[in-house]
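# Here is my input; please provide its structure:
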Amino acid sequence: MIRTTPDGAGEGRTSGGDSGSKRTAFDVVVIGGGPGGYATALYGAAAGLDVAVLELDKVGGTCLHRGCVPAKEFLETATVRRAVAGASTFGIGPAAGDPSPEVRFEVSQQRKQQVVDQLFRGLSGLMKGRGITIVPGTGTLLPGRRVRVTAADGSTSELEGANVVLAAGSLPRTIPGFEVDGTVVLTSDEVLDLEHVPASVAVIGGGAIGCEFASMFSDLGASVTVLEALPTILAGCDEDAAAVVARSFRKRGIDVHTGVQVTGHTPVPGGGGTVVSFGEGGQVTVEAVVVSVGRRPRSDGLVEPGTGVVVDERGFVVADAYMRTGEPGVWAVGDVVAGTPQLAHVGFAEAIVAIRSMLGEPVTPVDYGAVPWAIYCHPEVAYAGMTEAAARAAGIDVVVKKDPFGGNSRARIIGETDGLVKVIAERRPDGSAGRILGVHMAGPWVTEQLGAGYLAVNWEATPDEVARFVQPHPSLSETFGETVLALTGRGLHVG
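Alright, predicted model coming up:
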């Protein structure tokens, strides 16, 4: 264990994870109990370090309580309703044309909370079992690796750490003219507390979170309009994968406007929703507006002057590839870090890098260009590595193969044939496909299928190597195998 802290602060420690402990010095003090923070604590404690975590709310952070987990639970509610509505095509239930299934969203809300609470109890028990001290409050880094703790009642105390990890997370961004009131104008935080499904919704922002909410509300019976400032929805995705979602949205009646700016909204008299203005004279009347324009770092008050920590003009903490800030012994992980994807699993990976770095162990920095991405709208999108456009822009000569799910037996069986698998490889001098640069999927359950593609990208595998693996049949995952096999020049079902 690390036992050296500034000014001999390591003396007098005791073991155990009692939140009521009066200890003030630790091997590691983590500011923030979200995915990056609790992963740092768990991994550090597993390595024998004495760890304290500062968290004003509940450990688990946005991901567990107001983001990934509750949002995906509601998306699963939408999936169940979609399946019930289409059950007649399988010969089950009422004939087509009968009323759509009733949505009792308050029941889904209760189930969501049960899922969250069960995971929270499990995480809390795991942290207690590893002797991690949970300190209620927010943290501010002071010079000398001291941390001021501010409790909910405003009282303060101080902790010291041989190492301090900044893992304060992020908050939803808002936009001028759309002040959040929790009733008409919502962010992801308020959406996840709804007790009913609005009849009509405008989603401002067509990125990953915006498309997830648009898909969810549509499947739950709402009329949905998406307003996106960029020329396309899912702008960071490969254009072929994004096109699959755009086509699905059109078929489902989701009204998508791209290349437009929202200019404000005017409440309807009598509480009948609001009129959202966008573009050149465009308007839509909706019951609710969901602002989904990204997240900002929770860095206000995180660092006091006098340390070497650099916070950039956007509020992000600057860290190097080993998660070290400009202050020795101070690290940063998760959404608060500049220039990194705001993904929970990236926070997990950064936590491991930070702990191994502070222990002096061999460590491989996170390759942010090859991390897995998962978007849970319908159809789902998942990818790792370079898009075709990015590869060509970088001057790389590429070979590309695409295989639609329409030819996949399992996709036909479950009735979900929209989508494709696209694999991008570097072209060798002889014209054959070399190193796999990117794998992009859109379609049924692709968030659960990306593993093989992610490994192929990160191991710099070639199609010849990956094609040797036998894919189960019938399965959705064999579409990836078929696409890679086609890249060898000898595909079975794909030319």
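
# Show the contacting residues for residue 57.
By CB atoms under 8 Å, 6 or more residues apart in numbering, residue 57 lies in contact with 33, 65. Using the backbone N, CA and C atoms, a C-beta is placed for each residue, glycine as well.

# Can you tell me how far it is from residue 375?
26 Å (CB to CB, to the nearest Å).

# now do residue 113
In terms of CB to CB, residue 113 sits 24 Å off from residue 375.

# And the next helix or strand past the helix or strand hosting residue 111?
Applying DSSP states H and E as the criterion places residue 111 in helix 105-129. Per DSSP H and E, the first helix or strand lying C-terminal to helix 105-129 is strand 133-135.

# any idea which helix or strand carries residue 42?
Going by DSSP H and E, residue 42 is in helix 35-46.

# which of the residues in that helix are buried?
Residues of helix 35-46 classed as buried: 35-45 (neighbour count, 16 or more other CB atoms under 10 Å).

# Which strands and helices lie in contact with the helix or strand that comes right after it?
Next along the chain after helix 35-46, taking DSSP H and E as the criterion, comes strand 51-54. The criterion is 3 or more CB pairs under 8 Å, 6 or more residues apart in numbering; DSSP states H and E, and the helices and strands that strand 51-54 contacts are strand 25-31, helix 35-46, strand 133-135, strand 156-166.

# Of all these, which one is nearest residue 178?
Proximity to residue 178, assessed across these by CB to CB, is greatest for helix 35-46 (27.8 Å).

# now the angle from the closest one to strand 25-31?
Here the directions of helix 35-46 and strand 25-31 differ by 160 degrees (axes from the mean of the first three to the mean of the last three CA atoms, to 10 degrees).

# who touches helix 35-46?
Helix 35-46 has contacts (CB under 8 Å, 6+ apart) with 27-28, 30-31, 33, 51, 53, 55, 59-61, 63-64, 123, 126-127, 130-132, 165, 167, 169, 333-336, 344-345, 347-348, 350-352, 354-355.

# In PyMOL, how would I select just the buried ones from those?
Applying 16+ other CB under 10 Å to the contacts of helix 35-46, the buried members can be selected in PyMOL as follows:
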select buried, resi 27+28+30+31+33+51+53+55+59+60+61+63+64+123+127+130+131+132+165+167+169+333+334+335+336+344+345+347+348+350+351+352+354+355
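
# on that earlier part again, of all the helices and strands packed on strand 51-54, which lies closest to residue 297?
Relative to residue 297, the nearest member of those by CB to CB is strand 156-166, separated by 9.8 Å.

# got the buried residues for whichever helix or strand comes after the closest one?
As assigned by DSSP H and E, the chain's next helix or strand after strand 156-166 is strand 170-172. Counting neighbours by 16+ other CB under 10 Å, one finds that the buried residues in strand 170-172 are 170-172.

# try stretch 485-495
For stretch 485-495, burial by neighbour count (16+ other CB under 10 Å) applies to 485-488, 491, 494.

# Check these and tell me the two furthest apart.
Within the buried residues of stretch 485-495, 488 and 494 form the most distant pair, 10.7 Å apart (CB to CB).

# before we move on, back to that, format the buried residues of stretch 485-495 as JSON lines; extra columns: pLDDT.
Converted to JSON lines, those look like this (pLDDT from 0 to 100):
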{"residue": "485", "pLDDT": "94"}
{"residue": "486", "pLDDT": "93"}
{"residue": "487", "pLDDT": "94"}
{"residue": "488", "pLDDT": "93"}
{"residue": "491", "pLDDT": "79"}
{"residue": "494", "pLDDT": "67"}
